[in-house]
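Student: Using only what follows, build the 3D model:
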Amino acid sequence: MKCHSLYSLHPQIGWLIFISLFSTFGYSAMAQSSGEIRIFFTQSIDLSYSNGTQADGIGGSLIEQAIIDLIDNATQTVDFCVYNTSRDFIANALKAAHNRGVCVRVIVDDQAYNSAFLSSMPFPVMNGNPGSPLMHNKFIVIDAGIPQKAWVITGSMNLTYNNMFTDYNNVLFIQDQALAQAYTTEFEEMWGSSGPQPDYGQARYGADKTDNTPHQFDIGGMSVSCYFSPSDHTANRIIAALQAAQHDIQVAMWTFTYDELGDALVDAYHQGIDVRAIIDQGNEYDYLVGQGLNVTDHPPSPMIHHKYAIVDTQTPSDATAVITGSHNWTWSADNINDENTLILYDTDLANIFLQEFEARWHELVTATNEPIVRTFRCYPNPAIQVVWLDGLPEGPVSWALVHGNGQLVAAGRLPQSGNPQLDLPPVTSGPYWLLVRADNSWWRASLFIISQ
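Tutor: Purely as a prediction, here's the structure:
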(Lines give C-alpha, C1' and ligand atoms only; values in the text may rest on other atoms or scores of the structure.)
Protein backbone atom coordinates (compact mmCIF):
# COMPACT_ATOMS: atom_id res chain seq x y z
CA MET A 1 0.00 0.00 0.00
CA LYS A 2 1.45 3.40 -1.02
CA CYS A 3 0.80 6.65 0.77
CA HIS A 4 3.05 9.48 -0.35
CA SER A 5 2.57 13.12 -1.17
CA LEU A 6 3.54 14.64 -4.51
CA TYR A 7 6.69 16.04 -2.96
CA SER A 8 8.02 12.71 -1.69
CA LEU A 9 7.32 10.92 -4.99
CA HIS A 10 8.95 13.63 -7.08
CA PRO A 11 11.22 15.53 -4.70
CA GLN A 12 12.90 17.77 -7.25
CA ILE A 13 10.03 18.50 -9.61
CA GLY A 14 7.45 18.61 -6.84
CA TRP A 15 9.52 20.95 -4.68
CA LEU A 16 10.08 23.36 -7.56
CA ILE A 17 6.37 23.37 -8.31
CA PHE A 18 5.60 23.99 -4.64
CA ILE A 19 8.08 26.89 -4.39
CA SER A 20 6.79 28.48 -7.61
CA LEU A 21 3.15 28.30 -6.63
CA PHE A 22 3.70 29.30 -3.02
CA SER A 23 5.92 32.28 -3.75
CA THR A 24 3.62 33.62 -6.44
CA PHE A 25 0.13 33.34 -5.04
CA GLY A 26 -0.23 30.12 -3.12
CA TYR A 27 -1.66 27.02 -4.74
CA SER A 28 -3.45 27.91 -7.95
CA ALA A 29 -6.83 26.41 -8.68
CA MET A 30 -6.47 23.01 -10.29
CA ALA A 31 -8.21 23.16 -13.66
CA GLN A 32 -9.54 19.64 -13.35
CA SER A 33 -11.11 20.23 -9.94
CA SER A 34 -14.72 21.38 -9.98
CA GLY A 35 -14.48 23.87 -7.11
CA GLU A 36 -17.80 22.57 -5.80
CA ILE A 37 -18.62 23.64 -2.23
CA ARG A 38 -21.37 21.95 -0.24
CA ILE A 39 -22.68 23.47 3.01
CA PHE A 40 -24.38 21.46 5.76
CA PHE A 41 -25.79 22.37 9.17
CA THR A 42 -26.76 20.05 11.97
CA GLN A 43 -29.93 22.00 12.83
CA SER A 44 -32.61 24.04 11.06
CA ILE A 45 -32.05 27.29 9.20
CA ASP A 46 -34.42 30.17 8.38
CA LEU A 47 -35.10 30.20 4.63
CA SER A 48 -37.01 33.48 4.90
CA TYR A 49 -33.57 35.16 4.80
CA SER A 50 -32.49 33.34 1.65
CA ASN A 51 -31.43 35.28 -1.43
CA GLY A 52 -32.37 32.23 -3.47
CA THR A 53 -29.61 29.98 -2.15
CA GLN A 54 -29.79 27.40 0.61
CA ALA A 55 -27.70 24.77 2.36
CA ASP A 56 -27.07 21.41 0.73
CA GLY A 57 -28.41 19.53 3.71
CA ILE A 58 -29.62 19.73 7.30
CA GLY A 59 -29.15 17.13 10.02
CA GLY A 60 -26.53 14.78 11.41
CA SER A 61 -27.71 11.71 9.51
CA LEU A 62 -27.37 13.46 6.16
CA ILE A 63 -23.92 14.80 7.05
CA GLU A 64 -22.69 11.45 8.29
CA GLN A 65 -23.86 9.69 5.13
CA ALA A 66 -22.20 12.35 2.94
CA ILE A 67 -18.90 11.77 4.78
CA ILE A 68 -19.21 7.99 4.47
CA ASP A 69 -20.04 8.28 0.75
CA LEU A 70 -16.82 10.17 0.07
CA ILE A 71 -14.77 7.72 2.14
CA ASP A 72 -16.42 4.84 0.28
CA ASN A 73 -15.47 6.47 -3.04
CA ALA A 74 -11.83 7.05 -2.07
CA THR A 75 -9.32 5.18 -4.23
CA GLN A 76 -5.93 6.39 -2.96
CA THR A 77 -5.83 8.21 0.39
CA VAL A 78 -7.90 9.30 3.37
CA ASP A 79 -6.21 11.62 5.87
CA PHE A 80 -8.49 11.91 8.89
CA CYS A 81 -7.70 14.61 11.47
CA VAL A 82 -10.57 15.12 13.93
CA TYR A 83 -10.44 16.06 17.63
CA ASN A 84 -13.05 13.55 18.83
CA THR A 85 -14.86 10.68 17.07
CA SER A 86 -17.39 8.29 18.59
CA ARG A 87 -19.31 7.26 15.46
CA ASP A 88 -18.61 3.62 14.64
CA PHE A 89 -20.18 4.12 11.20
CA ILE A 90 -17.30 6.45 10.33
CA ALA A 91 -14.69 4.08 11.76
CA ASN A 92 -16.18 1.18 9.80
CA ALA A 93 -16.02 3.19 6.57
CA LEU A 94 -12.33 3.88 7.24
CA LYS A 95 -11.71 0.17 7.86
CA ALA A 96 -13.44 -0.72 4.60
CA ALA A 97 -11.33 1.83 2.74
CA HIS A 98 -8.16 0.38 4.23
CA ASN A 99 -9.23 -3.14 3.33
CA ARG A 100 -9.67 -2.25 -0.33
CA GLY A 101 -6.15 -0.75 -0.52
CA VAL A 102 -6.73 2.92 0.35
CA CYS A 103 -4.01 4.47 2.54
CA VAL A 104 -5.82 5.59 5.72
CA ARG A 105 -4.02 7.81 8.24
CA VAL A 106 -5.74 9.07 11.40
CA ILE A 107 -4.81 11.79 13.90
CA VAL A 108 -6.93 12.41 17.01
CA ASP A 109 -6.47 14.43 20.19
CA ASP A 110 -4.58 12.57 22.88
CA GLN A 111 -7.04 13.52 25.66
CA ALA A 112 -10.41 13.30 23.90
CA TYR A 113 -12.29 10.03 24.36
CA ASN A 114 -12.40 8.94 20.68
CA SER A 115 -14.39 5.81 21.46
CA ALA A 116 -14.59 4.86 17.77
CA PHE A 117 -10.83 4.16 17.80
CA LEU A 118 -10.47 2.44 21.17
CA SER A 119 -10.36 -1.03 19.65
CA SER A 120 -7.49 -2.16 17.45
CA MET A 121 -7.54 -0.51 14.03
CA PRO A 122 -5.97 -1.95 10.85
CA PHE A 123 -4.51 1.49 10.08
CA PRO A 124 -2.32 3.75 12.27
CA VAL A 125 -4.00 6.15 14.71
CA MET A 126 -1.79 8.92 16.11
CA ASN A 127 -2.67 10.69 19.37
CA GLY A 128 -1.76 14.27 18.61
CA ASN A 129 -0.50 17.30 20.55
CA PRO A 130 0.30 15.52 23.84
CA GLY A 131 -0.37 17.42 27.05
CA SER A 132 -2.79 20.21 27.81
CA PRO A 133 -2.90 21.83 24.33
CA LEU A 134 -5.51 20.34 22.02
CA MET A 135 -5.24 18.73 18.61
CA HIS A 136 -8.54 20.46 17.92
CA ASN A 137 -8.65 20.19 14.11
CA LYS A 138 -11.73 18.91 12.35
CA PHE A 139 -10.81 17.99 8.79
CA ILE A 140 -10.71 15.03 6.42
CA VAL A 141 -8.76 15.02 3.15
CA ILE A 142 -9.72 12.47 0.51
CA ASP A 143 -7.71 11.55 -2.61
CA ALA A 144 -5.54 14.69 -2.59
CA GLY A 145 -3.53 13.26 -5.47
CA ILE A 146 -6.47 13.12 -7.91
CA PRO A 147 -7.71 16.50 -9.21
CA GLN A 148 -11.28 15.37 -9.90
CA LYS A 149 -11.64 13.44 -6.62
CA ALA A 150 -9.75 15.59 -4.10
CA TRP A 151 -12.08 16.68 -1.27
CA VAL A 152 -11.63 18.58 1.97
CA ILE A 153 -14.27 18.16 4.68
CA THR A 154 -14.04 20.69 7.50
CA GLY A 155 -16.06 22.90 9.84
CA SER A 156 -16.89 23.04 13.53
CA MET A 157 -18.28 19.52 14.02
CA ASN A 158 -16.68 16.65 15.89
CA LEU A 159 -17.86 13.20 14.82
CA THR A 160 -19.77 12.49 18.03
CA TYR A 161 -23.46 11.87 18.59
CA ASN A 162 -24.07 15.13 20.44
CA ASN A 163 -22.15 17.28 17.98
CA MET A 164 -23.90 15.69 15.00
CA PHE A 165 -27.45 15.29 16.26
CA THR A 166 -27.98 17.69 19.20
CA ASP A 167 -25.58 20.63 19.03
CA TYR A 168 -25.34 23.41 16.44
CA ASN A 169 -22.52 22.94 13.92
CA ASN A 170 -21.55 23.62 10.31
CA VAL A 171 -19.69 21.38 7.84
CA LEU A 172 -18.17 22.28 4.46
CA PHE A 173 -17.30 19.83 1.65
CA ILE A 174 -14.87 21.39 -0.87
CA GLN A 175 -13.76 19.69 -4.10
CA ASP A 176 -10.43 21.32 -4.87
CA GLN A 177 -7.04 19.64 -5.20
CA ALA A 178 -5.07 22.78 -4.36
CA LEU A 179 -6.79 23.15 -1.02
CA ALA A 180 -6.56 19.39 -0.39
CA GLN A 181 -2.80 19.51 -0.92
CA ALA A 182 -2.46 22.39 1.56
CA TYR A 183 -4.38 20.40 4.17
CA THR A 184 -2.21 17.37 3.36
CA THR A 185 0.92 19.42 4.03
CA GLU A 186 -0.49 20.43 7.42
CA PHE A 187 -1.47 16.83 8.17
CA GLU A 188 1.99 15.50 7.33
CA GLU A 189 3.69 18.10 9.51
CA MET A 190 1.78 16.65 12.46
CA TRP A 191 2.15 13.08 11.18
CA GLY A 192 5.91 13.60 10.91
CA SER A 193 6.04 11.71 7.62
CA SER A 194 4.72 11.57 4.07
CA GLY A 195 4.38 7.81 4.35
CA PRO A 196 1.72 5.48 5.72
CA GLN A 197 3.24 5.31 9.23
CA PRO A 198 3.70 8.30 11.56
CA ASP A 199 7.19 9.38 12.59
CA TYR A 200 6.87 10.50 16.19
CA GLY A 201 10.40 11.88 16.20
CA GLN A 202 9.61 14.27 13.33
CA ALA A 203 6.00 15.07 14.26
CA ARG A 204 5.31 18.71 15.11
CA TYR A 205 2.29 20.06 16.96
CA GLY A 206 1.21 23.36 18.44
CA ALA A 207 3.90 26.01 18.77
CA ASP A 208 6.50 23.68 17.17
CA LYS A 209 4.83 23.90 13.76
CA THR A 210 5.91 26.29 11.01
CA ASP A 211 3.99 28.44 8.55
CA ASN A 212 4.60 26.11 5.61
CA THR A 213 1.37 26.21 3.60
CA PRO A 214 0.06 28.74 1.08
CA HIS A 215 -2.91 30.77 2.21
CA GLN A 216 -4.68 32.16 -0.86
CA PHE A 217 -6.78 30.04 -3.23
CA ASP A 218 -9.10 30.49 -6.17
CA ILE A 219 -11.75 27.80 -5.81
CA GLY A 220 -14.26 27.79 -8.64
CA GLY A 221 -13.85 31.56 -8.96
CA MET A 222 -14.24 32.14 -5.21
CA SER A 223 -11.42 33.72 -3.23
CA VAL A 224 -10.63 31.53 -0.22
CA SER A 225 -8.01 31.98 2.52
CA CYS A 226 -6.77 29.06 4.62
CA TYR A 227 -4.90 29.28 7.93
CA PHE A 228 -3.63 26.76 10.45
CA SER A 229 -2.98 27.53 14.09
CA PRO A 230 -0.84 28.45 15.81
CA SER A 231 1.79 28.93 13.09
CA ASP A 232 -0.26 31.22 10.86
CA HIS A 233 -1.36 33.84 13.45
CA THR A 234 -4.98 33.12 12.63
CA ALA A 235 -6.53 35.64 15.04
CA ASN A 236 -4.81 38.46 13.16
CA ARG A 237 -6.32 37.18 9.90
CA ILE A 238 -9.77 37.04 11.48
CA ILE A 239 -9.36 40.56 12.86
CA ALA A 240 -8.40 41.83 9.41
CA ALA A 241 -11.56 40.32 7.92
CA LEU A 242 -13.69 41.92 10.66
CA GLN A 243 -11.99 45.28 10.20
CA ALA A 244 -12.93 45.21 6.51
CA ALA A 245 -16.64 45.14 7.35
CA GLN A 246 -18.63 48.07 5.95
CA HIS A 247 -22.13 47.25 7.17
CA ASP A 248 -22.67 44.25 9.46
CA ILE A 249 -21.05 41.39 11.36
CA GLN A 250 -22.69 38.28 12.85
CA VAL A 251 -20.84 35.87 15.14
CA ALA A 252 -21.83 32.43 16.48
CA MET A 253 -19.15 31.17 18.85
CA TRP A 254 -18.76 28.24 21.24
CA THR A 255 -16.00 29.83 23.37
CA PHE A 256 -15.03 33.51 23.22
CA THR A 257 -12.28 34.65 25.60
CA TYR A 258 -9.72 36.39 23.35
CA ASP A 259 -9.56 40.12 24.14
CA GLU A 260 -8.10 41.13 20.78
CA LEU A 261 -11.08 39.67 18.91
CA GLY A 262 -13.49 41.23 21.40
CA ASP A 263 -11.82 44.60 20.81
CA ALA A 264 -12.20 44.14 17.05
CA LEU A 265 -15.98 43.77 17.46
CA VAL A 266 -16.16 46.77 19.80
CA ASP A 267 -14.15 48.87 17.33
CA ALA A 268 -16.49 47.84 14.51
CA TYR A 269 -19.51 48.74 16.65
CA HIS A 270 -18.11 52.20 17.43
CA GLN A 271 -17.56 52.73 13.70
CA GLY A 272 -21.28 52.18 13.07
CA ILE A 273 -21.14 48.52 12.02
CA ASP A 274 -24.22 46.50 13.02
CA VAL A 275 -22.70 43.78 15.24
CA ARG A 276 -24.62 40.83 16.65
CA ALA A 277 -23.16 37.82 18.41
CA ILE A 278 -24.34 34.56 19.96
CA ILE A 279 -21.82 33.33 22.53
CA ASP A 280 -22.10 29.97 24.25
CA GLN A 281 -19.41 30.60 26.86
CA GLY A 282 -16.52 32.93 27.63
CA ASN A 283 -15.76 36.17 29.46
CA GLU A 284 -15.92 38.30 26.30
CA TYR A 285 -19.71 38.09 26.60
CA ASP A 286 -19.75 40.38 29.63
CA TYR A 287 -17.26 42.73 28.01
CA LEU A 288 -19.29 43.08 24.82
CA VAL A 289 -22.55 43.58 26.72
CA GLY A 290 -20.86 46.24 28.83
CA GLN A 291 -19.76 48.04 25.67
CA GLY A 292 -23.36 48.14 24.42
CA LEU A 293 -23.13 45.50 21.68
CA ASN A 294 -26.16 43.45 20.68
CA VAL A 295 -25.05 40.11 22.14
CA THR A 296 -26.94 37.13 23.52
CA ASP A 297 -25.73 34.04 25.29
CA HIS A 298 -27.03 30.51 24.84
CA PRO A 299 -28.33 27.79 27.18
CA PRO A 300 -25.63 25.24 28.05
CA SER A 301 -27.37 22.41 26.20
CA PRO A 302 -27.49 21.93 23.30
CA MET A 303 -24.28 23.79 22.53
CA ILE A 304 -23.73 26.52 19.98
CA HIS A 305 -20.59 24.68 18.91
CA HIS A 306 -20.10 26.90 15.84
CA LYS A 307 -16.94 28.94 15.38
CA TYR A 308 -18.11 31.24 12.59
CA ALA A 309 -18.43 34.90 11.77
CA ILE A 310 -20.03 36.42 8.69
CA VAL A 311 -19.25 39.87 7.33
CA ASP A 312 -21.48 42.17 5.26
CA THR A 313 -24.22 39.65 4.59
CA GLN A 314 -27.22 41.96 4.92
CA THR A 315 -25.63 44.57 2.65
CA PRO A 316 -23.08 42.73 0.50
CA SER A 317 -19.76 44.40 -0.27
CA ASP A 318 -16.26 43.50 -1.42
CA ALA A 319 -15.63 42.41 2.20
CA THR A 320 -18.51 39.90 2.33
CA ALA A 321 -17.08 36.72 3.83
CA VAL A 322 -17.62 33.64 5.97
CA ILE A 323 -15.02 32.77 8.62
CA THR A 324 -15.34 29.21 9.91
CA GLY A 325 -13.44 26.14 11.04
CA SER A 326 -12.31 24.59 14.31
CA HIS A 327 -10.85 27.77 15.83
CA ASN A 328 -12.66 29.09 18.92
CA TRP A 329 -11.89 32.72 19.67
CA THR A 330 -9.53 31.95 22.53
CA TRP A 331 -5.87 32.46 23.39
CA SER A 332 -5.31 28.71 23.35
CA ALA A 333 -6.73 28.31 19.84
CA ASP A 334 -4.39 30.98 18.53
CA ASN A 335 -1.24 30.06 20.45
CA ILE A 336 -1.02 26.38 21.44
CA ASN A 337 -3.81 24.30 19.88
CA ASP A 338 -3.83 22.76 16.42
CA GLU A 339 -6.69 24.42 14.50
CA ASN A 340 -7.80 25.10 10.94
CA THR A 341 -9.70 28.13 9.60
CA LEU A 342 -11.16 29.13 6.24
CA ILE A 343 -12.22 32.61 5.14
CA LEU A 344 -14.46 32.36 2.08
CA TYR A 345 -15.37 35.51 0.16
CA ASP A 346 -18.73 34.88 -1.47
CA THR A 347 -22.15 36.55 -1.18
CA ASP A 348 -24.25 33.40 -1.63
CA LEU A 349 -22.19 31.41 0.85
CA ALA A 350 -22.46 34.21 3.39
CA ASN A 351 -26.22 34.32 2.87
CA ILE A 352 -26.50 30.59 3.64
CA PHE A 353 -24.70 31.15 6.95
CA LEU A 354 -26.95 34.15 7.62
CA GLN A 355 -29.95 31.82 7.34
CA GLU A 356 -28.44 29.68 10.10
CA PHE A 357 -27.56 32.67 12.26
CA GLU A 358 -31.03 34.22 12.04
CA ALA A 359 -32.65 30.92 13.02
CA ARG A 360 -30.55 30.78 16.19
CA TRP A 361 -30.87 34.52 16.90
CA HIS A 362 -34.66 34.55 16.80
CA GLU A 363 -34.86 31.42 18.95
CA LEU A 364 -32.96 33.30 21.64
CA VAL A 365 -34.07 36.93 21.54
CA THR A 366 -37.79 36.77 20.75
CA ALA A 367 -38.94 34.83 23.80
CA THR A 368 -37.55 37.16 26.46
CA ASN A 369 -35.48 40.28 26.87
CA GLU A 370 -33.61 38.74 29.81
CA PRO A 371 -30.48 36.62 29.32
CA ILE A 372 -31.33 32.94 29.37
CA VAL A 373 -28.14 32.08 31.23
CA ARG A 374 -26.36 34.63 33.41
CA THR A 375 -22.62 34.80 33.86
CA PHE A 376 -20.44 35.08 36.94
CA ARG A 377 -16.71 35.29 37.64
CA CYS A 378 -14.50 32.61 39.16
CA TYR A 379 -10.96 33.31 40.24
CA PRO A 380 -8.10 32.66 40.02
CA ASN A 381 -8.40 31.75 36.35
CA PRO A 382 -6.43 29.66 35.35
CA ALA A 383 -6.95 27.70 38.58
CA ILE A 384 -5.06 24.83 40.19
CA GLN A 385 -6.86 23.50 43.25
CA VAL A 386 -9.53 25.96 44.32
CA VAL A 387 -11.66 28.77 42.87
CA TRP A 388 -13.87 31.42 44.41
CA LEU A 389 -17.25 32.16 42.84
CA ASP A 390 -18.04 35.85 42.54
CA GLY A 391 -21.27 37.52 41.44
CA LEU A 392 -23.76 34.85 42.53
CA PRO A 393 -26.88 35.58 44.59
CA GLU A 394 -27.12 34.66 48.28
CA GLY A 395 -28.09 31.08 49.09
CA PRO A 396 -26.99 27.51 48.40
CA VAL A 397 -25.32 26.69 45.11
CA SER A 398 -25.54 23.54 42.97
CA TRP A 399 -22.67 23.22 40.55
CA ALA A 400 -21.44 21.07 37.66
CA LEU A 401 -18.00 21.04 36.06
CA VAL A 402 -18.10 20.30 32.33
CA HIS A 403 -15.07 19.76 30.09
CA GLY A 404 -14.74 21.85 26.94
CA ASN A 405 -15.69 18.76 24.91
CA GLY A 406 -19.10 18.69 26.65
CA GLN A 407 -18.37 15.80 29.05
CA LEU A 408 -19.69 16.16 32.62
CA VAL A 409 -16.71 15.76 34.97
CA ALA A 410 -18.08 16.41 38.47
CA ALA A 411 -21.03 17.96 40.29
CA GLY A 412 -21.97 18.92 43.83
CA ARG A 413 -23.60 21.41 46.16
CA LEU A 414 -22.25 24.26 48.27
CA PRO A 415 -24.16 25.53 51.32
CA GLN A 416 -22.27 28.84 51.41
CA SER A 417 -23.67 32.11 50.15
CA GLY A 418 -22.17 35.31 48.84
CA ASN A 419 -18.65 34.37 47.76
CA PRO A 420 -18.37 30.55 48.02
CA GLN A 421 -15.16 28.61 47.64
CA LEU A 422 -15.06 25.50 45.45
CA ASP A 423 -12.38 22.84 45.85
CA LEU A 424 -11.71 21.54 42.37
CA PRO A 425 -11.77 17.79 41.71
CA PRO A 426 -8.64 16.17 40.23
CA VAL A 427 -8.91 16.65 36.46
CA THR A 428 -6.60 16.95 33.47
CA SER A 429 -5.42 20.38 32.41
CA GLY A 430 -7.68 22.09 29.93
CA PRO A 431 -10.69 24.34 29.31
CA TYR A 432 -13.84 23.79 31.37
CA TRP A 433 -17.02 25.60 32.15
CA LEU A 434 -18.60 25.80 35.55
CA LEU A 435 -22.39 25.60 35.49
CA VAL A 436 -24.19 26.82 38.62
CA ARG A 437 -27.81 26.71 39.71
CA ALA A 438 -28.54 29.50 42.23
CA ASP A 439 -31.66 31.41 43.14
CA ASN A 440 -33.69 29.38 40.59
CA SER A 441 -31.47 30.66 37.76
CA TRP A 442 -28.64 29.24 35.69
CA TRP A 443 -25.21 30.85 35.86
CA ARG A 444 -21.95 29.91 34.19
CA ALA A 445 -18.30 30.86 33.89
CA SER A 446 -15.43 29.66 31.70
CA LEU A 447 -12.43 28.26 33.56
CA PHE A 448 -9.02 26.90 32.61
CA ILE A 449 -7.75 24.29 35.09
CA ILE A 450 -4.08 23.37 35.49
CA SER A 451 -3.56 19.91 36.98
CA GLN A 452 -0.75 19.24 39.41
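Student: Show the pLDDT at K2.
Tutor: pLDDT for K2: 54.
Student: Where does the prediction get shaky in the stretch 301-450 of the chain?
Tutor: Scanning the stretch 301-450 of the chain for pLDDT under 70 picks out 366-373, 406, 415-419, 438-441.
Student: now the helices: where do they sit in it?
Tutor: With helices called from DSSP state H, counting those that start in this stretch, the stretch 301-450 of the chain shows them at 331-335, 347-365.
Student: for the shortest one, which positions count as buried?
Tutor: For helix 331-335, a neighbour-count test (16 or more other C-beta atoms under 10 Å) marks 332-335 as buried. Bear in mind the C-beta positions are built from the backbone N, C-alpha and C, glycine included.
Student: now swap in stretch 351-370 and tell me
Tutor: 351-361, 363-364.
Student: same question, stretch 176-195
Tutor: 176-195.
Student: In strands only, show me the residues you listed.
Tutor: When strands are assigned by DSSP state E, not one member of these lies inside them.
Student: Let me know the closest of the buried residues of helix 331-335 to P426.
Tutor: Among those, S332 lies closest to P426 (C-beta to C-beta), at 21.0 Å.
Student: how far away is that closest one from P198?
Tutor: 24 Å (C-beta to C-beta, to the nearest Å).
Student: Endpoints of stretch 248-261, how far apart?
Tutor: 16 Å (C-alpha to C-alpha, to the nearest Å).
Student: I'd like the average pLDDT over it.
Tutor: In this model, stretch 248-261 has an average pLDDT of 97.
Student: residues in contact with the residue nearest the centre of the chain?
Tutor: Note on the chain: the residue nearest the mean C-alpha position is S326, at 1.5 Å, using C-alpha atoms, centre = their mean. Taking C-beta atoms under 8 Å, 6 or more residues apart in numbering as the contact definition, S326 lies against 83, 136-139, 154-156, 307, 333, 339-341.
Student: Need those in JSON lines (columns: distance to Y285).
Tutor: Shown next, in JSON lines, are the contacts of S326 (distance: C-beta to C-beta, whole Å):
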{"residue": "Y83", "distance to Y285": "23"}
{"residue": "H136", "distance to Y285": "21"}
{"residue": "N137", "distance to Y285": "26"}
{"residue": "K138", "distance to Y285": "24"}
{"residue": "F139", "distance to Y285": "28"}
{"residue": "T154", "distance to Y285": "26"}
{"residue": "G155", "distance to Y285": "23"}
{"residue": "S156", "distance to Y285": "18"}
{"residue": "K307", "distance to Y285": "15"}
{"residue": "A333", "distance to Y285": "17"}
{"residue": "E339", "distance to Y285": "21"}
{"residue": "N340", "distance to Y285": "25"}
{"residue": "T341", "distance to Y285": "21"}
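Student: Please spell out which residues along stretch 111-124 are buried.
Tutor: Using 16+ other C-beta under 10 Å as the test for burial, stretch 111-124 gives 111-114, 116-117, 123.
Student: And for stretch 398-412?
Tutor: Buried residues in stretch 398-412, counting neighbours by 16+ other C-beta under 10 Å, are found at 399-406.
Student: of all those residues, which two lie farthest apart?
Tutor: W399 and N405 (18.7 Å).
Student: Looks like L242 contacts E260 (just checking).
Tutor: No: when contacts are counted by C-beta atoms under 8 Å, L242 is not listed as touching E260 (10.5 Å).
Student: what residues are up against the closest residue to D199 other than its chain neighbours?
Tutor: Spatial nearest neighbour of D199, excluding adjacent residues (C-beta to C-beta, 6 or more residues apart in numbering): G192 at 3.6 Å. By C-beta under 8 Å, 6+ apart, the contact set of G192 is 198-204.
Student: Are any of the residues you listed buried, and if so which?
Tutor: Those of the contacts of G192 that meet the buried threshold are 198, 203-204, by 16+ other C-beta under 10 Å.
Student: Restricted to strands, list the residues you listed.
Tutor: Nothing among those maps onto strands, per DSSP E.
Student: right, and out of the residues you listed, which lies closest to R87?
Tutor: Among these, and counting by C-beta to C-beta, the member closest to R87 is P198, at 22.6 Å.
Student: And the helices in the stretch 51-200 of the chain?
Tutor: Counting by DSSP H, counting those that start in this stretch, the helices of the stretch 51-200 of the chain are 60-73, 88-99, 161-165, 177-191.
Student: Nearest approach to N381 belongs to which of those?
Tutor: Once these are compared by C-beta to C-beta, helix 161-165 is nearest, at 25.7 Å.
Student: Could I get the buried residue list for that closest one?
Tutor: Those would be 162-164, for helix 161-165 by 16+ other C-beta under 10 Å.
Student: Dump the buried residues of helix 331-335 into JSON lines; add distance to T234 as well.
Tutor: Output for the buried residues of helix 331-335, formatted as JSON lines (distance: C-beta to C-beta, whole Å):
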{"residue": "S332", "distance to T234": "12"}
{"residue": "A333", "distance to T234": "8"}
{"residue": "D334", "distance to T234": "6"}
{"residue": "N335", "distance to T234": "10"}
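Student: ok, back up a step: can you say which of the helices of the stretch 301-450 of the chain is nearest to V102?
Tutor: Across these, closest to V102 is helix 347-365 (C-beta to C-beta), at 30.2 Å.
Student: packing partners for the closest one?
Tutor: The contact analysis (3 or more C-beta pairs under 8 Å, 6 or more residues apart in numbering; DSSP states H and E) places helix 347-365 against strand 37-41, strand 248-255, strand 274-281, strand 294-297, strand 307-311, strand 321-325.
Student: care to break the protein down by domain?
Tutor: Residue ranges for the domains of the chain, per automatic domain parsing: 6-218, 234-365, 375-449.
Student: ok, back up a step: wait, which of the contacts of S326 is closest to P420?
Tutor: Among these, A333 lies closest to P420 (C-beta to C-beta), at 30.5 Å.
Student: Next one: the closest one from S34, what distance?
Tutor: 31 Å.
Student: returning to what we had before: so between L242 and E260, which is more surrounded?
Tutor: Neighbour count, other C-beta atoms under 10 Å: between L242 and E260, L242 has more, with 22 against 13.
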